[in-house]
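A.B. asks: Need coordinates for the following:
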Amino acid sequence: MELTYTITFEEYAEALRQRAALFGKPKSYYYTSWRAPVLLVFCLAIGLLLSQARGTSAYIVWSFLIAVYGLGLAYKLLICPRLIRKSYEQQKAGFDLRMTISETGLEVESSGGESYARYRWAAFMKQAESDRIFVLFFNPLQFVILPKRAMAEVQSEELRVLFGANISTKR
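C.D. replies: Next comes the predicted model:
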């Protein structure tokens with residue numbers, strides 16, 4: 001089976017979500033999830049109460065906590081999306097690819113021919129699927145994306161069977 005496609009930013013972001021679901025979220029996620037805004041509101045409330053007694057050292061501590069959680073929230077909302085976009089651009093994920101999938105593995109070639117790779121099925125440790133993409137993982141950080149829009153429904157079903165037979169998820 002041969003596929004030709006360009007990975008979109010949305011597909012790349014979906015692959016990252018699949019990675020997080022399969023391998024777990026990085027520890028930094030828990031500091032910037034829903035807890036950050038809740039703790040920020042809590043710290044603001046305590047800070048407002050302590051603002052009446054400016055001479056205490058507790059006022060300084062709570063002000064520091066407010067600043068820390070505010071920075072964590074800013075990181076999640078402003079910096080993380082930019083880092084994901086930059087990673088997408090650095091990996092040249094937005095270029096045309098041609099992939100050939102067979103019983104022995106898969107071959108990936110860029111449209112200009114400047115890069116070529118051949119992988120046997122044993123190279124992949126896990127797989128994931130969403131409604132838009134298949135993702136094949138070499139390890140928790142490296143993966144190959146196959147968008148479903150580049151194939152017919154029959155081909156998607158063939159790939160499910162092929163991946164199920166060749167990619168072990170018990171590593």
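
A.B. asks: residues contacting E11?
C.D. replies: R132, I133, I145, P147 (Cβ atoms under 8 Å, 6 or more residues apart in numbering). For the C-beta atoms, the positions are set from N, CA and C on the backbone; glycine is no exception.

A.B. asks: any idea how far the third one is from L77?
C.D. replies: Right, I145. When Cβ to Cβ, to the nearest Å is applied, the distance between I145 and L77 equals 25 Å.

A.B. asks: Counting neighbours around each, name which of the two comes out higher.
C.D. replies: For I145 against L77, the residue with the higher neighbour count under other Cβ atoms under 10 Å is I145, and the figures read 20 against 12.

A.B. asks: Helix or strand with the lowest mean pLDDT in the chain?
C.D. replies: Ranked by mean pLDDT, DSSP states H and E, the weakest helix or strand in the chain is helix 27-31, scoring a mean of 51.

A.B. asks: Show me where the protein has its helices.
C.D. replies: Taking DSSP state H as the criterion, the chain contains helices spanning 9-23, 27-31, 35-50, 57-74, 80-90, 153-166.

A.B. asks: Helix 80-90 and the longest one, what's the angle between them?
C.D. replies: Right, helix 57-74. 40 degrees (axes from the mean of the first three to the mean of the last three Cα atoms, to 10 degrees).
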